[in-house]
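**Q** predicted model follows, preceded by the sequence.
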2 protein chains.
Amino acid sequence: MENKRLNEPDYIQELVALIRSNRSAKEIADELGNYHENDIADAMEELNSEDRRKLYQILNDEDISDIFSYLDDASPYLEEIGLEHAADIIQEMDADDAVDLLEEMDDDKRKQLIDLMDKEYQDDIRLISSYKDDQIGSKMTTNYVEIRRNLTVKQAMRSLIAQAEENDNISTIYVCDDDDTYYGAIALKDLIIARDYVDLDSLISQSFPYVRASEEIDECIERLKDYAEDSIPVLDDDDKLIGVITSQEIIEVVDDEMGEDYAKLAGLTAEEDLNEKLSDSMKKRLPWLIALLGLGMVVSTVVGMFESVVSQVALIVCFQSLILDMAGNVGTQSLAVTIRVLMDEKLKTKEKVELIFKEIRIGMANGTLLGVLAFVCIGGYIMIVKGKPLHYAFAISACVGVALLVAMIISSFVGTVIPMFFHKINVDPAVASGPLITTINDLVAVVVYYGLAWILLINIMQVVS
Amino acid sequence: MENKRLNEPDYIQELVALIRSNRSAKEIADELGNYHENDIADAMEELNSEDRRKLYQILNDEDISDIFSYLDDASPYLEEIGLEHAADIIQEMDADDAVDLLEEMDDDKRKQLIDLMDKEYQDDIRLISSYKDDQIGSKMTTNYVEIRRNLTVKQAMRSLIAQAEENDNISTIYVCDDDDTYYGAIALKDLIIARDYVDLDSLISQSFPYVRASEEIDECIERLKDYAEDSIPVLDDDDKLIGVITSQEIIEVVDDEMGEDYAKLAGLTAEEDLNEKLSDSMKKRLPWLIALLGLGMVVSTVVGMFESVVSQVALIVCFQSLILDMAGNVGTQSLAVTIRVLMDEKLKTKEKVELIFKEIRIGMANGTLLGVLAFVCIGGYIMIVKGKPLHYAFAISACVGVALLVAMIISSFVGTVIPMFFHKINVDPAVASGPLITTINDLVAVVVYYGLAWILLINIMQVVS
């Protein structure tokens, strides 16, 4: 053992060997107590169903439920266990984890399991399920310690000890009136170090932050992060304490929300994972693609209006992709920045206007730089590689340069205003903005570029290739 | 007060009014104890410097330091406080927060402040600063409770109470040998409910998970999330316990990492925020844009090779943007999925190959669907809107359809393989893949489309517009 410690430990293999060993049930159970439930959960996937059955007999319901809480999907393992035993295990879980698990099961099985549970636990499950996925109530747990406000320090400590066996989120203790109305919070640390004669009320933060179960997660996630607490109380509309949001739940929500937004920015309707069915993945990607095809036709129609320009100066087509890619990318950059800002902060109108102007200024600065670069490089390129005369070469590269500049300014503007607009009308900007921005940017870029070429090359210089 | 509770509370305004009130210092201090430090930090931004000076006098160093830990940037407020007082306040902070704060200051000031601190605190700061930003050690805090392994339950509780005043991350207590070698962990809950006669060793999880201070954050963040603990111990290479990672730190890291990846996907080199200077924002966006301009020239050169095709059938130019946008988007979708999968999981070669094939299959399925859709719609469009003969219209739309299909398959492949390649050679795939994928996809799409048009329209059908 001592030797092992020096290298990275392989808890999973240790656990598999332990569970398969011939040691007595009690010895194995004691030894398992030294490991983290997450590691035991990982080890379970390496075991065969016979090994796992042994494990279910060795451990008590609470230990099994702790382990099951760490499984991505515990339902296949629950199949290995009789219905009644499964119900007993599930009701040892935090009710929110149980709700997640039950959702994975078919309706019949779920009903049977819930019917086998205690009345009180059924109520918890019903309460959490009653909130929509995007409401805080759906993420809260009923695993918390609640005490009455009129206790002494000693009584409070005793009440905590009585509840701690069942509820292990103890770093903050919540104080309620006799009718469960939320009154405040005590940091466990303060209770532990308090002398017996101290007035409990002096330990209570009466203005401790809280959230409403009915609040949308989007609306309060930033606040929850900012408070940096291990748990934040959740109240119903009558100011009764009905649950808490733990920091573990916040980690999951942050991870999920960001993952969703990341996926949406890339034109997926939701995040995908590795083991997803082909048809599900297709469904998540098709909407954007079909939208893009339709909108692409609009751009094609506009390009079609410049058919005569193209047929006279075919060379200009070369640089269309350059300008469009550039406009598209600038738009995406502005979009990404704007979505993050909209997500993170409550902006006042003044700040929104500032953001728009800032994006335009960045577009202008970068556009000027790249426009000049393109003018010089592309002009030289056409002269040298294509062997065209100087005025012709730089007339074309001037069109490219100016189109780049204009396209980049407009893209910055569009990439900022469109997500703000969708945000305003309560449509998720990450999912709705992409196709529209691409299309508008393409249109602007194409019209400026070919329009300029038409004026400069055909009308003024009367160039025909 | 009772009335206020029914509506959402406005703690900030309550706090501002309280601090500006004429009540005695003691009354204000007592009342402030009811509020969360994060709310007081928010209120500070609403106060003027005179109000704040009053606050600094009313509160003790520890309270001020708790509040300062919640400020995004406390350095301007520290300016309002004398150097010695500021040093006293800083050393009440968790050392990792202090390191973050000190980094914001100029070298001189930082040195002066550090020189004023206790020897022990200086060591903590030096320890945390010695790790690089991407190492776990830079994110750990020395705020944790550590006890010796040979104590009784009662002694352990007493040791906890003695340390809890200073260290408030108490939900897990860490157990070490006499030479600080990490031995295991005890859940505070278990210690609280344990009877005095219980052997402390039976409460200790000896195989509790840990991370190394020298580990890269990327490498262990998934593990840290999975364990869902309020804190995880951090060991140095000699197995000594030197800090812990709290769940609050994990939230920040997850948020940052995702934000970075999100930004990179959009072609920004790092995440931006609202108050950033224009020049900084420009710098974060230019690299991608310049790379794209350079690579765009490559695409332009290739399009240039098809100049004669374009000059003969100018109509085909209309659909170039459609095909390129589509290829680009499919590539981005594959890229986003691949990056998330690479980030979340350790993939075996077999799984990587599976992912590549899956992406190709999705590309093929979606490509076939959209290719057929484009063939029918665009053919009809050219006939009806442009008034061209049927065989001509559908010859062009066939080129579009086939080019779409091929481009989407290749884009799926490229969008999966390129990030895997960069991941393999330890280059961040989110930042490096974008321009390369766009360019390869553009090239493939352009060559397939114009090549096909050249063969079908000019060589076989001998169409000239």
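**A** Cool, got the structure. If you're wondering where the values come from, they're calculated on a predicted model, not measured in any experiment.
**Q** what's near enough to touch A:Asn329?
**A** By CB atoms under 8 Å, 6 or more residues apart in numbering or on different chains, the residues touching A:Asn329 are B:Gly267, B:Trp288, B:Leu289, B:Leu292, B:Thr438. Where C-beta positions appear, they are placed from N, C-alpha and C, glycine not excepted.
**Q** now the phi/psi pair for it, please.
**A** Torsion angles at A:Asn329 (phi, psi; degrees, to the nearest 10) stand at phi -70, psi -40.
**Q** now the strands: where do they sit in the stretch 1-150 of chain A?
**A** Per DSSP state E, counting those that start in this stretch, the stretch 1-150 of chain A carries strands over the ranges A:145-148.
**Q** so which bits of it are right by chain B?
**A** A:5-6, A:9, A:11, A:14, A:30, A:33-36, A:38-39, A:70 (CB under 8 Å from any CB of the partner chain).
**Q** how about CSV for the contacts of A:Asn329, with pLDDT, secondary structure and neighbour count added?
**A** CSV is the format used below for these (pLDDT from 0 to 100; DSSP: H, G, I helix; E, B strand; the rest coil; neighbours: other CB atoms under 10 Å in any protein chain shown):
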residue, pLDDT, secondary structure, neighbour count
B:Gly267, 71, coil, 24
B:Trp288, 77, helix, 22
B:Leu289, 82, helix, 25
B:Leu292, 81, helix, 23
B:Thr438, 82, helix, 30
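**Q** check the residues you listed one by one and keep those near chain A.
**A** By CB under 8 Å from any CB, the members of the contacts of A:Asn329 lying near chain A are B:Gly267, B:Trp288, B:Leu289, B:Leu292, B:Thr438.
**Q** now the two most distant members of these.
**A** Using CB to CB, the two most remote members of those are B:Leu289 and B:Thr438, lying 11.7 Å apart.
**Q** low-confidence regions, the stretch 301-450 of chain A specifically.
**A** Scanning the stretch 301-450 of chain A for pLDDT under 70 picks out A:344-346, A:431-432.
**Q** now do the SS call for A:Pro233.
**A** Classification of A:Pro233 by DSSP: H, G, I helix; E, B strand; the rest coil places it in strand.
**Q** report the contact partners of the closest residue to it other than its chain neighbours.
**A** Leaving aside its chain neighbours, A:Pro233 sits nearest to A:Tyr210 (4.5 Å; criterion: CB to CB, 6 or more residues apart in numbering or on different chains). Neighbouring residues of A:Tyr210 by CB under 8 Å, 6+ apart: A:Tyr182, A:Ile232, A:Pro233, A:Val234, A:Leu235.
**Q** need phi/psi at A:Asp177.
**A** According to degrees, to the nearest 10, A:Asp177 has phi -70, psi 180.
**Q** hang on, it packs against A:Tyr183?
**A** Yes - using CB atoms under 8 Å, A:Asp177 is in contact with A:Tyr183, at 5.6 Å.
**Q** and these two? Which one has more around it.
**A** Neighbour count, other CB atoms under 10 Å in any protein chain shown: between A:Asp177 and A:Tyr183, A:Tyr183 has more, with 19 against 14.
**Q** let me know the pLDDT of the more buried one.
**A** If you check A:Tyr183, the pLDDT there is 95.
**Q** go on, A:Lys189?
**A** For A:Lys189, pLDDT reads 91.
**Q** what number of residues lie near it?
**A** Neighbours around A:Lys189, by other CB under 10 Å: 22.
**Q** list the contacts of it.
**A** A:Ser171, B:Ala164, B:Asp168, B:Ile170.
**Q** is it true that it lies in a helix?
**A** Yes - under three-state DSSP, A:Lys189 falls within a helix.
**Q** ok, it to A:Ile173 distance?
**A** In this view, A:Lys189 and A:Ile173 are 10 Å apart by CB to CB, to the nearest Å.
**Q** for A:Ile458, same thing?
**A** Distance of A:Ile458 to A:Ile173, computed by CB to CB: 79 Å.
**Q** comparing those two, which residue is more hemmed in?
**A** Between A:Ile458 and A:Ile173, counted using other CB under 10 Å, A:Ile173 has the larger neighbour count: 26 against 15.
**Q** pretty sure that one sits in a strand.
**A** Yes - checked against three-state DSSP, A:Ile173 lies within a strand.
**Q** pairing partners for it in the sheet, please.
**A** Counting by DSSP bridges, A:Ile173 is bridged to A:Val145, A:Ile186.
**Q** report the contact partners of it.
**A** A:Val145, A:Glu146, A:Ile147, A:Ala156, A:Leu160, A:Ala185, A:Ile186, A:Ala187, A:Leu188, A:Leu191.
**Q** could those residues be laid out in TSV, adding neighbour count?
**A** Formatted as TSV, these follow (neighbours: other CB atoms under 10 Å in any protein chain shown):
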residue	neighbour count
A:Val145	26
A:Glu146	18
A:Ile147	23
A:Ala156	22
A:Leu160	22
A:Ala185	26
A:Ile186	23
A:Ala187	20
A:Leu188	23
A:Leu191	20
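**Q** most widely separated two among those?
**A** A:Glu146 and A:Ala187 (14.9 Å).
**Q** can you give me the helices for the stretch 101-250 of chain A?
**A** Secondary structure of the stretch 101-250 of chain A by DSSP state H, counting those that start in this stretch: the helices cover A:107-115, A:119-129, A:153-164, A:188-193, A:217-227, A:247-265.
**Q** wait, which of these is closest to B:Asp118?
**A** Closest approach to B:Asp118 among those (CB to CB): helix A:188-193, 21.7 Å.
**Q** show me the domain layout of chain A.
**A** A:2-139, A:145-265, A:278-460 (automatic domain parsing).
**Q** which of the ones you listed is buried the deepest?
**A** Per residue and on average, the most neighbours among the domains of chain A fall to domain A:278-460, with a mean of 21 (mean count of other CB atoms under 10 Å in any protein chain shown).
**Q** tell me how far that domain lies from the chain's centre.
**A** Mean-position distance between domain A:278-460 and its chain equals 29 Å (CA atoms, centre = their mean, to the nearest Å).
**Q** now swap in stretch A:149-163 and tell me
**A** Distance, stretch centre to chain centre, for stretch A:149-163: 38 Å (CA atoms, centre = their mean).
**Q** show me the contacts for A:Thr368.
**A** So A:Thr368 contacts A:Leu405 (CB under 8 Å, 6+ apart).
**Q** just say helix, strand or coil for it.
**A** What three-state DSSP gives for A:Thr368 is helix.
**Q** circling back: can you add distance to B:Asp97 and give the domains of chain A back as a markdown table?
**A** Shown next, in a markdown table, are the domains of chain A (distance: least, CB to CB, whole Å):
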| stretch | distance to B:Asp97 |
| --- | --- |
| domain A:2-139 | 27 |
| domain A:145-265 | 10 |
| domain A:278-460 | 20 |
